[in-house]
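Asks: structure for the following, please:
(4 chains)
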There are 2 protein chains.
Amino acid sequence: MLASPAAEMPHKRPTIQDVARAARVHPSTVSRVLNPRTRGLVSPAVAKRVESLARRLGYTPDPVAAGLRTRRSATVGVLIPDMANPVFPLILRGIESALMAGGYTAIITNTDNDPARAREALDRLAARRVEGAILATATLRDPVLARCRALGLPVVLVNRSVPGDKVSAVVNDDAAGIALAVGHLLALGHRAIGHVAGPGRISTGQARRAGFAAALRARGMAAPAVPAANYDIAAGERACSELLAANPRLTAIVAANDLLALGCYDALARRGAACPREVSITGFNDITFADRFAPPLTTVRIPHRVMGEQAGRLLLAEIEDPQAPKQEIKLEPVLVVRGSTAPPRTKRRKP
Amino acid sequence: MLASPAAEMPHKRPTIQDVARAARVHPSTVSRVLNPRTRGLVSPAVAKRVESLARRLGYTPDPVAAGLRTRRSATVGVLIPDMANPVFPLILRGIESALMAGGYTAIITNTDNDPARAREALDRLAARRVEGAILATATLRDPVLARCRALGLPVVLVNRSVPGDKVSAVVNDDAAGIALAVGHLLALGHRAIGHVAGPGRISTGQARRAGFAAALRARGMAAPAVPAANYDIAAGERACSELLAANPRLTAIVAANDLLALGCYDALARRGAACPREVSITGFNDITFADRFAPPLTTVRIPHRVMGEQAGRLLLAEIEDPQAPKQEIKLEPVLVVRGSTAPPRTKRRKP
DNA sequence: GTGAAAGCGCTAACAA
DNA sequence: TTGTTAGCGCTTTCAC
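Replies: Predicted coordinates:
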């Protein structure tokens, strides 16, 4: 029993040959017309004919086949350390919008903070011939970054950088952001401020910690800090507990990011200390829902979307011209004051 | 000035030809060895030799070139309506893990709830020859779904379904979930319960609303409901305000998802009504941070990750065998009681 | 300005 | 069991 192919076949895609036949030209002419760069080489009359036929047949060039020839895939890889941290979806939007504007597609991979997965992911992406990579996963002396180098793959870091390494990056002014938080706490009257730092292997962890120390030492104050093992709530709680155990009189804590700040909330709750009445807390990033936490989190807002867009644009520029000078773009953060900070409780003198 | 190529060239990738030459066999033999399916056709001795050479040269087959020949890209497209909704990153993890296990790569696109972007994204994915698609964006009578059909592209829906359409889907038992919430509120003593429904164009909106009505009507109670325009906080606030204006005596509100529940928080706050003291609120999804809101949200937890994994597996099965029967998997949700629900305030009688 | 021919890196028929 | 040949859909020389 013969079925009507038209009814059953799931719409075979037209090839360049089909268009060429219909337009009575050679395939190469069709190719020239459809490629903006070579479009001028063909006579306007033929170009018009080819174009309308292509549109009518619903022909779109196969980017994979084209890529095989041109060695350009029009894709870039994006490595994200932790999708559950809402800061990354926000950055991603910016990345996608910049890439899309350039005709590129992002292939996004979540590494779950696992260096092995990151490396594996990069290899998969490289096998797919991505033309560049955006790393939100960078650690100081990152093996993945080294691998990109070895592969000759253009890279841009986002949010985190690798100081000293010649690589483009779009980051926040971490020290300035922390200074904002410290300044706010000082203005409120706090004189015993501690820091729950980020992991030392990540630039943001180091830079924010250094910024914290600088801001306090400038005023001749101590700057106690304990680093968290990871940028997550549980690690924040552990670090905060340790910090408070060693410095019981702290009236304020600057956390290196919002997840760590939530961990501080937990540590305080476990000690039965109220935030902000007994201890003020600040975060960093202003993640989605930071205004919903109990208490609403005072934090340093970074321009997530712009950061992503800049990173995307930087990468496209570097793909365009691999010799382009590497640049590090530093974005200015802003303080958002909410309910997790308040003046320190005035000491009750013993009666 | 001649530079040493080895130092400057960014490591030219070896091709199958290089391996073939080194192993003194024909390229097709190398191909056979490296392809698990045809591996058995080659003598063990040669296979061993080829394999070790391939490894030593660092050769990995180019999946793009292979795909051109085999018409298989080992990629699938994933359409997400809103990355800022933390439920989707959680589902994504499941999807990625299932796809990765099958050797597939996900190409994820955020559509920002925009049907035009969704369509465009699908076309880009189709052009890239994805072998299938996972849609978390489905609306009832979804044009994107129709387009997948036209392209003969295997599809699996996740979270949302399109009832009546023959398509595989992994969803929650929405009615059962809502019944859980309603049951909890009834048990607390609530007798005037309203519903901030999801958009009517989305299956979850309809199913949850129907579940709500069924649960209350079974007990002979009214089931007032107002649909939100979108699944976001602002729309939730508007719908809730409308609901409360029309039904001022409600003591509890079942929101169709957690974002809408947050909108209800806002609507209550604007009226100066305390949650849960004056009005209890429930959500749906148990998104990340639901336990951190003020008050912590009582909500219906869905198995995000499992949902994603099942969807990924289903799609792989369908790619493997396009004739495979379509199936709809329904997952059982669970109630998580937190601080946004409490017994209704006992009426104060006028003195 | 257009056509012809070669080939990107791989795999699948077919031969030997 | 291995080698040969052709070609996936496209772009890019090179001729004309």
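Asks: got the residues of the stretch 1-150 of chain A near DNA strand C?
Replies: A:24-29, A:32, A:41-43, A:45-47, A:68-69, A:71 (Cβ under 7 Å from any atom of the strand). Every residue, glycine included, has its C-beta placed from N, CA and C.
Asks: which one (most neighbours) among these?
Replies: Using other Cβ atoms under 10 Å in any protein chain shown as the neighbour test, these are led by A:Thr29, with 22 neighbours.
Asks: give me the element that one is part of.
Replies: Using DSSP states H and E, A:Thr29 sits within helix A:27-34.
Asks: and that helix, does that touch chain B?
Replies: No. If you take Cβ under 8 Å from any Cβ of the partner chain as the test, helix A:27-34 misses chain B, and the best it gets is 12.8 Å.
Asks: any idea of the mean pLDDT for that helix?
Replies: Averaged over helix A:27-34, pLDDT sits at 95.
Asks: for the helix or strand following it, buried residues please.
Replies: The first helix or strand that comes after helix A:27-34 along the chain, using DSSP H and E, is helix A:44-57. Going by neighbour count (16 or more other Cβ atoms under 10 Å in any protein chain shown), the buried part of helix A:44-57 is A:Val46, A:Ala47, A:Arg49, A:Val50, A:Glu51, A:Leu53, A:Ala54.
Asks: same check, this time on stretch A:156-171
Replies: For stretch A:156-171, the neighbour count (16+ other Cβ under 10 Å) marks A:156-162, A:165, A:167-171 as buried.
Asks: can you name the two of the residues of the stretch 1-150 of chain A next to DNA strand C that are farthest apart?
Replies: The largest separation in those, counting by Cβ to Cβ, is between A:Ala45 and A:Arg71 at 32.7 Å.
Asks: all helices of chain A, in order?
Replies: For chain A, helices defined by DSSP state H occupy the ranges A:5-8, A:16-23, A:27-34, A:44-57, A:63-70, A:87-101, A:115-127, A:143-151, A:174-188, A:203-217, A:233-246, A:258-271, A:304-320.
Asks: right, and A:Ile107 touches A:Val78 too?
Replies: Yes. Under the criterion of Cβ atoms under 8 Å, A:Ile107 makes contact with A:Val78 at 6.8 Å.
Asks: among these two, which residue is more densely surrounded?
Replies: For the pair A:Ile107 and A:Val78, the greater number of neighbours falls to A:Val78 (32 against 23), based on other Cβ under 10 Å.
Asks: dump the residue contacts of A:Leu268.
Replies: A:Leu268 is in contact with A:Cys240, A:Leu244, A:Ala274, A:Cys275, A:Glu278, A:Val279, A:Ile281, counting by Cβ atoms under 8 Å, 6 or more residues apart in numbering or on different chains.
Asks: show me which of those residues are buried.
Replies: A:Cys240, A:Leu244, A:Cys275, A:Val279, A:Ile281.
Asks: pick the one among those closest to B:Ala98.
Replies: A:Cys240 (36.5 Å).
Asks: quick one: that closest one from B:Leu335, how far?
Replies: Computed as Cβ to Cβ, to the nearest Å, the A:Cys240 to B:Leu335 distance reads 31 Å.
Asks: again with A:Asp18
Replies: Applying Cβ to Cβ, the value for A:Asp18 to B:Leu335 is 57 Å.
Asks: ok, and which of the buried ones among the contacts of A:Leu268 reach DNA strand D?
Replies: Counting by Cβ under 7 Å from any atom of the strand, no member of the buried ones among the contacts of A:Leu268 reaches DNA strand D.
Asks: format those as a markdown table; extra columns: pLDDT.
Replies: Shown next, in a markdown table, are the buried ones among the contacts of A:Leu268 (pLDDT from 0 to 100):
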| residue | pLDDT |
| --- | --- |
| A:Cys240 | 98 |
| A:Leu244 | 98 |
| A:Cys275 | 97 |
| A:Val279 | 98 |
| A:Ile281 | 98 |
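Asks: for the residue of the stretch 251-351 of chain A found nearest chain B, what are its contacts?
Replies: Nearest residue of the stretch 251-351 of chain A to chain B (Cβ to the nearest Cβ) works out as A:Ala294 at 3.8 Å. For A:Ala294, the contacting residues are A:Tyr265, B:Arg292, B:Phe293, B:Ala294, B:Pro295, B:Pro296, by Cβ under 8 Å, 6+ apart.
Asks: equivalent analysis for A:Ala179, please.
Replies: Applying Cβ under 8 Å, 6+ apart, we find A:Ala179 in contact with A:Gly211, A:Ala214, A:Ala215.
Asks: buried members of these into PyMOL, please.
Replies: A single PyMOL command selects the buried members of the contacts of A:Ala179 (16+ other Cβ under 10 Å):
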select buried, chain A and resi 211+215
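Asks: and chain A, which of its residues are near DNA strand D?
Replies: Taking Cβ under 7 Å from any atom of the strand as the contact definition, chain A meets DNA strand D at A:15-17, A:27-28, A:31-32, A:34-35, A:37-38, A:59, A:61-62, A:65-66, A:68-70.
Asks: got the contact list for the nearest residue to A:Val162 once chain neighbours are set aside?
Replies: Among residues not flanking A:Val162 along the chain, A:Ala138 sits closest, at 5.5 Å (Cβ to Cβ, 6 or more residues apart in numbering or on different chains). If you count contacts by Cβ under 8 Å, 6+ apart, A:Ala138 has them with A:Val144, A:Leu145, A:Leu157, A:Arg160, A:Ser161, A:Val162, A:Ala169, A:Ile202, A:Ser203.
Asks: next one, pLDDT for A:Ala138 please.
Replies: Looking at A:Ala138, its pLDDT is 97.
Asks: and A:Lys48, how close does it get to chain B?
Replies: Going from A:Lys48 to chain B by Cβ to the nearest Cβ, to the nearest Å gives 23 Å.
Asks: tell me the pLDDT at A:Ala3?
Replies: Reading off the confidence values, A:Ala3 has pLDDT 35.
Asks: to clarify, my last question referred to A:Gly164.
Replies: A:Gly164 carries a pLDDT value of 88.
Asks: now do the phi/psi pair for it.
Replies: The phi/psi pair for A:Gly164 (degrees, to the nearest 10) reads phi 90, psi -20.
Asks: how about stretch A:332-339 and chain B, any contact?
Replies: No. Using Cβ under 8 Å from any Cβ, stretch A:332-339 stays clear of chain B, coming no nearer than 9.2 Å.
Asks: spatially nearest residue to A:Arg71 (excluding sequence neighbours)?
Replies: Spatial nearest neighbour of A:Arg71, excluding adjacent residues (Cβ to Cβ, 6+ apart): A:Arg129 at 7.3 Å.
Asks: pLDDT score for the one you found?
Replies: Looking at A:Arg129, its pLDDT stands at 92.
Asks: I figured it hits B:Ala66, correct?
Replies: No. If you go by Cβ under 8 Å, A:Arg129 and B:Ala66 don't touch, sitting 11.8 Å apart.
Asks: of those two, which one has the most company?
Replies: A:Arg129 (20 against 17).
Asks: any idea how far that one is from A:Val144?
Replies: In terms of Cβ to Cβ, A:Arg129 sits 17 Å off from A:Val144.
Asks: separation between A:Val167 and A:Arg119?
Replies: In terms of Cβ to Cβ, A:Val167 sits 17 Å off from A:Arg119.
Asks: ok, now A:Gly67?
Replies: Counting by Cβ to Cβ, the gap between A:Gly67 and A:Arg119 amounts to 24 Å.
Asks: same deal with A:Pro343?
Replies: Relative to A:Arg119, A:Pro343 is positioned 48 Å away (Cβ to Cβ).
Asks: now swap in A:Arg149 and tell me
Replies: 13 Å.
Asks: pLDDT weak spots in the stretch 51-200 of chain A?
Replies: Judged against pLDDT under 70, the stretch 51-200 of chain A has no low-scoring part.
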